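Asker: the following comprises the amino acid sequence and a computationally predicted model.
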Amino acid sequence: MGTRKYRGIERKQARWGFIFVLPAMLFFSLFSFYPIINAIYTSFFDKRALSKLPPKFLGLGNYIRLFDPSRAASDLSFLNSLKSTLVFTLGTFIPLLIVSLILAVFISNLSSNKTKKFLQISYYTPAILSSVVAATIWMIIFDPRGLGNQWLNALMNTPGVDRRWLVDPVMEQVSTMVIYFWKYIGYFVILFITGLASIPPTIYEASTIDGATKNQVFWRITLPLLKPTVVLVSVMAMLQCLKTFSTQYMLYSNGAPRAPINVITFNIYVTGIQQQYLGRASAMSVVLFIMMLLLTLLQFKTTKSENVEY
Amino acid sequence: MQIEKRFTLPKIGIYLVLLVMLTFTLMPIIFMVSASMMTSRQILKMPYTWIPEGIAWENFAKAIQGNDKTYIFVRNISNSLIVSTSVAITTVLIASLTGYGLAKFRFRGRNTVFMMIMATMMIPFEAIMIPLYMVVMALRIQNSYIGLILPFLVSAFGVFQMKQFLTTFPTEFLDAARVDGMGEFGIYWRIVLPNCKPVIATLLILSFRSQWDNLLWPLLVSQSDKMKTIPQYISSFALERSTDEGAMMAAALLASIPMFILFMSLTKYFIGGSAIYESRKG
């Protein structure tokens, strides 16, 4: 009798648990799983937004078109988008990683807690501005008469040179990288400071007693123990960079050339929404999804095998 | 931390690097504030004079009146406030409900549900925006708050945070409340939710900010001026006023004020909130 009653309570509990997770399950099914399956499905068709005709089945046609080497010569091809996304991602995440690590080590070494906090907050401040605002500020800084030229020329002692920040194809890519770097540096500094703080001080004490130099401590102890954070930060930074859109959109809509900053998301937007080629845009989305999926899986794998026990 | 005395670079070098970086991060923000009070001619005078000669109030007037004096700025910033606040609230409610269900109840398929929700973290919004756009068109909810809010009701990251936090929540409290005859929903509402304040604050900020910063989705679903959000406003204002740098900076500054206020009053949750991502590893 007693056990049956107990089982009844357990079943009741199970029902409540199910009721509590139901809204989220419905949401994720409708707004994550269904759309990604739909994107994969649509990517096999020649679907246009305004066409009343049933979409034509193309098989891998959209993908073949995207990766068609003979289209690579065209400035706005998908292959070119892949290239500009790759350039942007590498050019942003490598400096982000190195500089934020250095800054975090420097800040952790400071003795005054007030200075530490002040620096963290100040470095983080750009992150609270929206990407659109960030791009707007920097567009004025990158004006031929703006602060960008003035400061760089003062620094390099080359008075009167215009770096063509928003005109020259290479400089335009550099400009987007600078804006992105500026916005996210504080965020990654904080991630690294948290990672550094989780390394127990006893390890440092032990190594100092053993006679390790400061340099050795950094390269042999801090860095290896920080590896999980380094992996996490790199993957997160890369994922962020692959999704970049607002900066490129702002620069382009204010007159900068499109080809050098025609990143994947921007290409999806133009192809799918402005030109209404939904099938082709879906194929691009699937490629983006696979790229990000591989990166995330890589992160899981690395963090799992490299988990450090102190 | 006592890593002091452990680095070879002289102290001066360290301070120099930190100072250069400080200038780099803060300079553009100070520039925005100072330029918003100047006329365009002053802004582009070489070399730049950081202190404005007077306050060019007309910049702010232009920013609020908009390109064709319709005061659409007010409507657009309200839209952003409405959408961001709604998303923040629904995220907290649904994420806490789900996190609670996953952390404190045993039911068949619980792990599967959790893994599935975690798996959605690997699906970037940018990859599913085209199908979502088709759904919105089919439901005819473009140019509406529902259309702006619907894809962001809850985030997998929020569910994860809530579940992690509630796993350590003492079950005795819940059982005690059950013995006292409290209903399951009452327990969630009156006991669980009030005890999650730090996670709730962090989640509120993160989800509010992500919508305040969202340009891509409103670009797809809000075509009418009345339903545009503040990033769209800034974007089109900057385009049509491209020679009026002062007004552009005034608009940018006005659009940032809500975030500045949030940041200054809840700094520790912003800083702690980004550190939370750290716990995702492993």
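Answerer: In hand now; what should we look at? Everything numeric in this text was worked out from a predicted model, so none of it was measured.
Asker: strands of the stretch 101-250 of chain B, residue ranges please.
Answerer: For the stretch 101-250 of chain B, no strands are identified by DSSP state E, counting those that start in this stretch.
Asker: go on, chain A?
Answerer: Taking DSSP state E to define them, one finds strands in chain A at A:45-46, A:56-57.
Asker: and these, which is most packed in?
Answerer: strand A:45-46 (a mean of 18; mean count of other Cβ atoms under 10 Å in any protein chain shown). All C-beta atoms are positioned from the backbone trio N, CA, C, and that covers glycine.
Asker: now check that one, is it near chain B?
Answerer: No. Using Cβ under 8 Å from any Cβ of the partner chain, strand A:45-46 stays clear of chain B, with a minimum separation of 12.0 Å.
Asker: which neighbouring elements make contact with that strand?
Answerer: Applying 3 or more Cβ pairs under 8 Å, 6 or more residues apart in numbering or on different chains; DSSP states H and E, one finds that strand A:45-46 makes contact with strand A:56-57, helix A:278-305.
Asker: circling back to that earlier point, the strands of chain A: lowest mean pLDDT?
Answerer: Among the strands of chain A, strand A:56-57 has the lowest mean pLDDT, at a mean of 86.
Asker: contacts for it next, please.
Answerer: Strand A:56-57 is touched from outside by A:44-46, with contacts defined as Cβ atoms under 8 Å, 6 or more residues apart in numbering or on different chains.
Asker: same question, stretch A:236-243
Answerer: Applying Cβ under 8 Å, 6+ apart, the external contacts of stretch A:236-243 come out as A:85, A:88-89, A:92-93, A:96-97, A:180, A:184, A:188, A:191, A:264-265, A:288, A:291-292, A:295-296, B:124-126, B:277.
Asker: what about those, which are in helices?
Answerer: A:85, A:88-89, A:92-93, A:96-97, A:180, A:184, A:188, A:191, A:264-265, A:288, A:291-292, A:295-296, B:125-126 (DSSP state H).
Asker: next one: B:Met248 from chain A, what distance?
Answerer: Plainly put, B:Met248 is 6 Å away from chain A if you go by Cβ to the nearest Cβ, to the nearest Å.
Asker: my read is that that residue contacts A:Thr136, right?
Answerer: Yes. Between B:Met248 and A:Thr136 there is a contact at 5.8 Å, judged by Cβ atoms under 8 Å.
Asker: what is in contact with the two at once?
Answerer: Common neighbours of B:Met248 and A:Thr136, counting by Cβ under 8 Å, 6+ apart, are B:Ala238.
Asker: ok, these two, which is more surrounded?
Answerer: Using other Cβ atoms under 10 Å in any protein chain shown as the criterion, B:Met248 and A:Thr136 rank with B:Met248 on top: 30 against 25.
Asker: okay, that one: pLDDT?
Answerer: 93.
Asker: contact partners for A:Met250?
Answerer: A:131-132, A:135-136, A:139, B:235, B:238.
Asker: do B:Ser80 as well
Answerer: With Cβ under 8 Å, 6+ apart, B:Ser80 has these contacts: B:211-212, B:229-231.
Asker: cool, A:Met25 as well?
Answerer: Counting by Cβ under 8 Å, 6+ apart, A:Met25 has contacts B:113, B:116-117.
Asker: ok, now A:Ile199?
Answerer: Contacts of A:Ile199 by Cβ under 8 Å, 6+ apart are A:221-222, A:225-226, A:310.
Asker: nearest spatial neighbour of the residue in the stretch 151-300 of chain A positioned nearest to chain B, skipping sequence neighbours?
Answerer: Distances between the stretch 151-300 of chain A and chain B by Cβ to the nearest Cβ are smallest at A:Phe289, namely 3.8 Å. Of all residues beyond its chain neighbours, the one nearest A:Phe289 is B:Ala127 (3.8 Å), with distances taken as Cβ to Cβ, 6 or more residues apart in numbering or on different chains.
Asker: was I right about that neighbour contacting A:Ser285?
Answerer: Yes. Using Cβ under 8 Å, B:Ala127 is in contact with A:Ser285, at 4.3 Å.
Asker: mutual contacts of the two, please.
Answerer: Residues touching both B:Ala127 and A:Ser285 (Cβ under 8 Å, 6+ apart): A:Ala39.
Asker: name the nearest residue to residue 74, ignoring sequence neighbours.
Answerer: Assuming you mean chain A. Per Cβ to Cβ, 6+ apart, closest to A:Ser74 is A:Asn80, 7.2 Å.
Asker: oops, wrong one, chain B.
Answerer: Using Cβ to Cβ, 6+ apart and skipping residues adjacent in sequence, the residue nearest B:Val74 is B:Ile64, 6.9 Å away.
Asker: what residues are up against that neighbour?
Answerer: The contact partners of B:Ile64, by Cβ under 8 Å, 6+ apart, come to B:71, B:73-74, B:254.
Asker: would you show me how to pick out the buried ones of these in PyMOL?
Answerer: Burial among these is assessed by 16 or more other Cβ atoms under 10 Å in any protein chain shown; the matching PyMOL selection reads:
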select buried, chain B and resi 73+254
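Asker: would you turn the contacts of B:Ile64 into CSV with secondary structure?
Answerer: Below are the contacts of B:Ile64 laid out as CSV (DSSP: H, G, I helix; E, B strand; the rest coil):
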residue, secondary structure
B:Tyr71, coil
B:Phe73, helix
B:Val74, helix
B:Leu254, helix
